[in-house]
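Novice: Starting from these lines, generate the structure:
(2 chains)
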Amino acid sequence: MAESAGHAAVDVASAMVTAPIAPLDAIIVAPTLITLLFGSVLLMARKRPETQAPLGIAGLLFLTAATAGILARVVTGGPLTMTMGSWLPPFGITFAVDALGASFAFVSSVVALVVGVFASRGLRRVESRYGFYPFLLLMMTGVCNAFLTGDIFNLYVWFEVMLIASFGLIVLGNSKEQLDGAVRYAVLNLLAAAFFLTATGYLYGALGTLNMAEIAIKLREGVPGMPINTITALYILGFGMKAAAFPVAFWLPASYHTPSPSAGAVFAGLLTKVGAYALLRTLIMLMPSEEALYDTFLTALAIGTMLLGSLGAMAHSDFRRILGYLVISGIGVILAGLAIGTAEGLSGGIFYAFHSMIVMSALYLASGLVGQLGGSQDLRKLGGLYGASPLLAGLTLTLVFSVSALPPFSGFWAKILVTEAAMVDGRWWLAGIVLGTGLLNALASGRAFTQIFWRGGPVGTPDGAEKSVPGEIAREDRAVLFGSLGALTLLSLVIGLWPSPLMRLAEAGAAGLLDPTLYIRAVFGGAS
Amino acid sequence: MEGPLALLVGCFFASAVYLMLSDSLIRILLGVTILSNAVNLLIFTAGRIVKEVPPIIPEEAMVPPFATANPLPQALILTAIVISFSFFAFLLVLVFRAYQGLGTDKTGKMHMAEEPGDPVPPRGY
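Specialist: Coordinates of the predicted model:
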């Protein structure tokens, strides 16, 4: 820091990065540039609906390519960093990405791409006219950069970018239901962001730095007299609200079923996972000693979240609200991995996050098609959709298996990892609850499946009496809608059958959290 | 100076919580605004607060001779103010639109998204 230099001559060169950055390493800012550029161009072209889908999908394709490049670079060459304005960290704002951030960014841009393709045919006119794609692209700016930033105040800024774009997405369509859901969503998420900012303010006051790598160093050395318990508690509260952890999860099932299926899919897949990622980053990498202190509390949180999600899914009769509770249940499994805190537990939680991103988005897309075919989301009014579309029934059944963690789908391996880690750690009851909620999820989603697809018609219709369903999916839309839903389903199956690449990524991510030496060295590359 | 400011921040937080516990949307909105101001003041207090010390470095020295205010928290607050102000503007429009659409600003009466007394799911076919 400047003060420690005293009156000795200050060499400005030692505060600047003088070595030029490798040209390929500049890819770390590519997601920001691509999403902002395409987002603003799409916003300008909002009055020309025919340009929206092609441009939006092109932007998401570039984004996926960029995050794939970052992931490849991180896997081969270790953590990647870039500091703005050549000022050395902690003076300059740092972008820093390790295996965890890169893989989260990659999976989320793949999900966003598929949802973007689905939305090209699945949107009502009013939604495409008022800018689904600009909001989606700008939301991806926030989501990707939250995974890529190495500065905790910047994390807050990207959270807010993501939030304001998601506010736009949730009210798109302007129905009364959406306004009501948006009010709950907006107020509670703003509150969570305020807690996050409060904690960051305290952290800056105590440590004098916002750079994550330097925070990790300073907190590992220990700073006497700093209100670390307050800060950790505020972070858990703020990120827990964002991730929809028990007992601050009730805004999610109250709002996620109101927007269009495409918006609901990106919300369910991406937004809660950003909260989970931030919890992993702050609790495990920044303040490992506090994670041990809050161990029991986090375990209780994980159990509460899993049970709330599964029991809530059992108790509801609206398909999309059931899915909302299943999202919460999945967050519980990620939190269980976080609470276990060992390398195995963390990699299980991270793997589950990847699985949940893909499968929950796919289920929300499926719910959109169910709504289009059956004209409702209410289990009592639906029925007989198998006759209308065996393909949709097959895809949904696959996803139902996956969300209940049955082999050979992606959820299976994630739950195996978390369960095994819990047993190795001596928490057999936590393992029991992870498996038990899997059974409850199977019951809830299986019941929804039978009542939507197998039953002849709405409640009371005898079996075998196939009734005509009210809606239909236009022939020219079918390829795109089923193709994108099928792509996510296939992805879940591929991960289930060949889990080792993603599992290695999750393990690398967990290892990077537990021992951030490489991350810190990458950030302070020029300085130390 | 930190003491009175800390008290003020405490008052802000308390009144924000009080307002947000209300069932009227407009009060909740005011609570959210006061909360974000409370957080901004908190960060401001975390930077050194000194009275009328110009951050000027004498010619022969390399660092200021006495403690000056830390400019970084002020930069952080500036960002936070811009963000919270834009969010307040959005919320204001959203709440007004919700009031128009739903005909009430009482949270207890807004049940479009979550029907009260939702019947239990069907137990059989």
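Novice: Could you tell me how many residues sit around the residue nearest to residue A:81 when sequence neighbours are not counted?
Specialist: With sequence-adjacent residues excluded and distances taken as CB to CB, 6 or more residues apart in numbering or on different chains, residue A:81 is closest to residue A:96, at 4.2 Å. No exception for glycine: its C-beta is placed from N, CA and C like everyone else's. By other CB atoms under 10 Å in any protein chain shown, 24 other residues sit near residue A:96.
Novice: Show the contacting residues for the nearest residue in space to residue A:144 that is not next to it in sequence.
Specialist: Nearest residue to residue A:144, sequence neighbours excluded (CB to CB, 6+ apart): residue A:31, at 4.1 Å. Residues in contact with residue A:31 (CB atoms under 8 Å, 6 or more residues apart in numbering or on different chains) are A:63, A:66, A:67, A:70, A:105, A:109, A:140, A:141, A:144, A:145, A:148.
Novice: does residue A:81 sit in a helix, a strand or a coil?
Specialist: Secondary structure assignment for residue A:81 (DSSP: H, G, I helix; E, B strand; the rest coil): strand.
Novice: do you know how far it is from residue A:253?
Specialist: 39 Å (CB to CB, to the nearest Å).
Novice: One more: residue A:523?
Specialist: 39 Å.
Novice: Check residue A:303 too.
Specialist: With the distance defined as CB to CB, residue A:303 ends up 19 Å from residue A:253.
Novice: likewise residue B:56?
Specialist: 57 Å.
Novice: Repeat that for residue A:430.
Specialist: 24 Å.
Novice: same question, residue A:100
Specialist: Residue A:100 sits at a distance of 28 Å from residue A:253 (criterion: CB to CB).
Novice: quick one, what contacts residue A:345?
Specialist: By CB under 8 Å, 6+ apart, the contact set of residue A:345 is A:336, A:337, A:338, A:339, A:418, A:421, A:422, A:425.
Novice: Can you mark which positions in the host helix or strand of it are buried?
Specialist: Assigned by DSSP states H and E, residue A:345 falls within helix A:343-374. Going by neighbour count (16 or more other CB atoms under 10 Å in any protein chain shown), the buried part of helix A:343-374 is A:344-374.
Novice: What strand or helix carries the residue nearest to residue A:81?
Specialist: Short version: residue A:96 belongs to strand A:94-97, going by DSSP H and E.
Novice: same thing with residue A:441?
Specialist: According to DSSP H and E, residue A:441 maps onto helix A:428-449.
Novice: Send me that helix as CSV with only the CA atoms.
Specialist: What follows is helix A:428-449, C-alpha atoms only, in CSV (Å, rounded to 0.1, in the frame of the first residue of the first chain):
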residue,chain,number,x,y,z
TRP,A,428,-25.1,-40.3,7.6
TRP,A,429,-28.3,-38.3,8.5
LEU,A,430,-27.4,-35.7,6.0
ALA,A,431,-26.8,-38.4,3.4
GLY,A,432,-30.2,-39.9,4.3
ILE,A,433,-32.0,-36.6,3.8
VAL,A,434,-30.3,-36.0,0.4
LEU,A,435,-31.6,-39.4,-0.7
GLY,A,436,-34.9,-39.0,1.0
THR,A,437,-35.6,-35.7,-0.8
GLY,A,438,-34.7,-37.4,-4.0
LEU,A,439,-37.5,-39.8,-3.4
LEU,A,440,-39.9,-37.0,-2.5
ASN,A,441,-38.9,-35.2,-5.7
ALA,A,442,-39.5,-38.4,-7.7
LEU,A,443,-43.0,-38.6,-6.1
ALA,A,444,-43.8,-35.0,-6.8
SER,A,445,-42.5,-34.8,-10.3
GLY,A,446,-43.7,-38.3,-11.2
ARG,A,447,-47.2,-37.4,-10.0
ALA,A,448,-47.2,-34.3,-12.1
PHE,A,449,-46.1,-36.4,-15.1
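Novice: Can you tell me what sits against the next helix or strand after it?
Specialist: Downstream of helix A:428-449, the next assigned helix or strand under DSSP H and E is helix A:475-497. The contact list for helix A:475-497 (CB under 8 Å, 6+ apart) reads A:110-111, A:114-115, A:117-118, A:120-122, A:354-355, A:358-359, A:361-362, A:365-366, A:369, A:391-392, A:395, A:398-399, A:402, A:407-413, A:473, A:502.
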